[in-house]
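[1] Sharing a model that was predicted from the sequence below.
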Amino acid sequence: MSSINLPALHTFSGFDVTSLLAMRAKTHADHPFLIFEAFDEPEMSWTYAKFDHDTSCFASGLAVRGVGKGDKVLIHLDNCPELVLAWFACAKLGAIAVTTNTRSAADEVSYFADHSGAIGGITQPKYAEMVARSATNLRWVSVTETDGGMAERPANAPDSESSFMSLYGDDDDVPARTPDPADPAAVFYTSGTTSRPKGVLLTHANMLWGAKVNSAQQKMHPSDVTLAFLPLFHINAQAYSLFPTLWTGSTVVFQPRFSVSRFWDVATRHGCTWASMVTFCIKVLADKEVPDNKFRLWGDAMCDQPTDAHFGIKTLGWFGMTETVARPICGDPYQPNLPLSMGRPAPEYYISVVDENGKPVPPGGNGELRIGGIRGMSLFAEYLDNPQATAESFDEQGRFMTGDRVLHDETGSLRYLDRLKDMLKVGGENVGASEIERVVRAVGPVTDAAVVGNCRLFSSQSTAKHRTHRKRFPKRFLRHAERNWRILKCLWKSISSMNCHEALWKK
């Protein structure tokens, strides 16, 4: 793990995540910080002062277990208060929180634990046996008493010595530590395709950057109430919801997961004003009545979506990655944005769209998105113990190569197209599957679409297939496709690999 050299003087000098929490515990002591809306249990809540106190108590217990500065703790939990408490307890010790996807298989959990070098683990009854069996190098494993606040006590509930509450110690016993924003704070494992997942190492400065920049992009203020249901082990829920709440001294309401039947009830009872959404959630909510609510803004991958009129809520588009913490591309809450675009380049980053030779593409062109920033602050510090992958992810100008292909619109906005590895070769031209999907989804009756390649595309029977399948497409769809000749060409040349299913058309 290499050391990060931040500028001698910067916006977070002498400050870290623990400093921010301590400050809020003084300035907003009795203000609600964290509210957890369990599905089967009464809600649980923490003021800023109580949360600061409790995290110190858990930090004390972790210290007794041998956790100190630079040590890593595996946190394998669904959304629950214990995940947030454990994360900040690690931060107070200078330890590193390794939050992992709870959908991971045993082999993946074993890899996360061994690769990160975690010395201890925190999980829940549902995963306790699997973690103990897979992560055999952990010195200890602590288990929460419930599974994400579910009322039914699990049969394999932990005993008193291994329970999470056994970590609760004396808040006066937390070892003193000088704040250093360059200290590592967290590891997030990205999804692996051709290789094992890479551990994205983020510093305290990275997390503070996410808190400050994301809250500014979302125009958050202390009176806001954030509704959060996306997985807390992911950068989205932490950097877009939790940390901006802490930065602004506002309130966040967490749910175990997204629930269409509970969404509006929780949102209206707590007066939620902001939420980080995903397209699936917006689509299923679009079929429900919209009650009176206080939402002023939602965030998702695309700006000004067609469903905004139905909800009466503006959608802020964006592009962000674990490696960028905040959003290098974002819409504007107070201005019209290009519909279905990601927004415009954020002033906190240097944005380039380049061709295969690394040359900037002109407006109207598309290419790879590359992002310039400060390592360990606006960009991730490194891929954990993988210097080769770290070096290969930056170009000769020090820009992070995202591997994502975007369209540089003439208006200055950017549209997401595809991962560079997910291109379809059509008539000697690269066409992104998402381009075709975007055109298909824009046809009124279409609910959703997915495009995949077909290795048998160029068979001797392709001509007959072209004619047969072409007749199956509704004329209104083909008329719409004619507006984008690239898509129409793909349909004509690749139609044997596509099927129009009646189930995908709205009744």
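    Now that the structure is in, tell me what you want to look at.

[2] Show me what the helix or strand where Ser56 lies is packed up against.
    The secondary structure element spanning Ser56 is helix 48-64 (assigned by DSSP states H and E). If contacts are counted by 3 or more CB pairs under 8 Å, 6 or more residues apart in numbering; DSSP states H and E, helix 48-64 sits against helix 17-27, strand 32-36, helix 81-93. All C-beta atoms are positioned from the backbone trio N, CA, C, and that covers glycine.

[3] Show me what that helix is in contact with.
    21-22, 24-25, 27-31, 33-34, 46, 73, 85-86, 88-90, 92-93, 95, 120, 166-175, 249 (CB atoms under 8 Å, 6 or more residues apart in numbering).

[4] hang on, Phe280 in a helix?
    Yes: membership of Phe280 in a helix is supported by DSSP: H, G, I helix; E, B strand; the rest coil.

[5] Could you give the number of residues near it?
    10 (other CB atoms under 10 Å).

[6] so where is the stretch 51-200 of the chain shaky, pLDDT-wise?
    Counting by pLDDT under 70, the stretch 51-200 of the chain shows low-confidence ranges at 149, 151-155, 192-194.

[7] At which residues are the strands of it located?
    Read by DSSP state E, counting those that start in this stretch, the stretch 51-200 of the chain holds these strands, from start to end of the chain: 72-76, 96-99, 120-123, 140-143, 184-189, 199-203.

[8] Could you list the alpha-carbon positions for the third one in CSV?
    To tie it back to what came earlier, the one meant is strand 120-123. Extracted in CSV, the C-alpha atoms of strand 120-123 (Å, rounded to 0.1, in the frame of the first residue of the first chain):
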residue,chain,number,x,y,z
GLY,A,120,-11.3,-9.1,11.8
GLY,A,121,-14.8,-9.3,10.4
ILE,A,122,-18.3,-8.0,11.1
THR,A,123,-21.3,-9.7,9.6
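
[9] May I have the helix holding Ser56 as CSV, with CA atoms only?
    Coordinates of the C-alpha atoms in helix 48-64 are reproduced here as CSV (Å, rounded to 0.1, in the frame of the first residue of the first chain):
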residue,chain,number,x,y,z
TYR,A,48,-25.2,13.6,15.9
ALA,A,49,-24.1,13.6,19.5
LYS,A,50,-25.3,10.1,20.2
PHE,A,51,-23.8,8.8,17.0
ASP,A,52,-20.4,10.3,17.8
HIS,A,53,-20.6,8.8,21.3
ASP,A,54,-21.6,5.3,20.1
THR,A,55,-19.0,5.1,17.4
SER,A,56,-16.4,6.0,20.0
CYS,A,57,-17.6,3.2,22.2
PHE,A,58,-17.4,0.7,19.3
ALA,A,59,-14.0,2.0,18.4
SER,A,60,-12.9,1.2,21.9
GLY,A,61,-14.1,-2.3,21.5
LEU,A,62,-12.4,-2.7,18.2
ALA,A,63,-9.1,-1.5,19.8
VAL,A,64,-9.5,-4.2,22.5
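
[10] Give me the buried stretch members for that helix, please.
    Using 16 or more other CB atoms under 10 Å as the burial criterion, the residues of helix 48-64 that qualify are 48-52, 54-63.

[11] And stretch 354-367, by the same measure?
    By 16+ other CB under 10 Å, the buried positions in stretch 354-367 come out as 354, 361, 366-367.

[12] Phi first, then psi, for the spatially most central residue of the chain.
    In the chain, the residue lying closest to the centroid (CA atoms, centre = their mean) is Asn236, at 2.7 Å. Backbone torsions for Asn236, taken as degrees, to the nearest 10, come to phi -60, psi -60.

[13] Against Pro256, how distant is it?
    With distances taken as CB to CB, to the nearest Å, Asn236 is found 16 Å from Pro256.

[14] Where does pLDDT dip in this protein?
    Within the chain, the set of residues satisfying pLDDT under 70 comprises 1-3, 149, 151-155, 192-194, 422-507.

[15] now with 80?
    1-3, 149-161, 191-195, 421-507 (pLDDT under 80).

[16] got the domain boundaries for it?
    Following automatic domain parsing, one gets these domains for the chain: 17-276, 427-504.

[17] export those to a markdown table and tack on distance to Asp385?
    Listed next are the domains of the chain as a markdown table, based on distance: least, CB to CB, whole Å:
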| stretch | distance to Asp385 |
| --- | --- |
| domain 17-276 | 7 |
| domain 427-504 | 33 |
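
[18] of these, which approaches Gln388 most closely?
    Closest to Gln388 of these, according to CB to CB: domain 17-276, at 10.7 Å.

[19] first to last residue in the closest one, what's the distance?
    Between the start and the finish of domain 17-276 there is a gap of 22 Å, counting by CA to CA, to the nearest Å.

[20] Quick one: distance of that domain to the chain centre.
    14 Å (CA atoms, centre = their mean, to the nearest Å).

[21] How about stretch 404-413?
    Going by CA atoms, centre = their mean, where stretch 404-413 is centred and where its chain is centred differ by 22 Å.

[22] Any buried residues in that stretch, and which?
    By 16+ other CB under 10 Å, the buried positions in stretch 404-413 come out as 404-409, 413.

[23] Out of those, which comes closest to Val109?
    Using CB to CB as the measure, the one of these that approaches Val109 most closely is Asp404, at 28.1 Å.

[24] one step back: which one of the strands of the stretch 51-200 of the chain lies nearest to Lys294?
    strand 96-99 (30.0 Å).

[25] Need the residues that contact the closest one.
    Surrounding strand 96-99, the residues in contact under the criterion CB under 8 Å, 6+ apart are 70-75, 77, 83, 86-87, 90-91, 112, 116, 118, 184-189, 199, 201, 232-234, 238.

[26] related to what we said a few turns ago, can you flag the buried ones in the contacts of helix 48-64?
    With neighbours counted using 16+ other CB under 10 Å, the contacts of helix 48-64 contain these buried positions: 21-22, 24-25, 28, 33-34, 46, 73, 85-86, 88-90, 92-93, 95, 120, 166-167, 169, 171, 174, 249.

[27] filter the contacts of strand 96-99 to the buried ones?
    Judged by neighbour count, with 16+ other CB under 10 Å as the criterion, the buried members of the contacts of strand 96-99 are 71-75, 77, 83, 86-87, 90-91, 112, 116, 118, 184-189, 199, 201, 232-233, 238.

[28] Looking at the buried residues of helix 48-64, spot the one nearest Met220.
    Nearest to Met220, judged by CB to CB, of the buried residues of helix 48-64 is Tyr48 at 15.6 Å.

[29] longest strand of the chain?
    In the chain, ranked by residue count with DSSP state E as the criterion, the top strand is strand 400-408.

[30] Downstream of that strand, the next helix or strand is which one?
    strand 414-419.

[31] now that next one against strand 400-408, angle please.
    Interaxial angle of strand 414-419 relative to strand 400-408 (axes from the mean of the first three to the mean of the last three CA atoms, to 10 degrees): 120 degrees.

[32] Much appreciated, bye for now.
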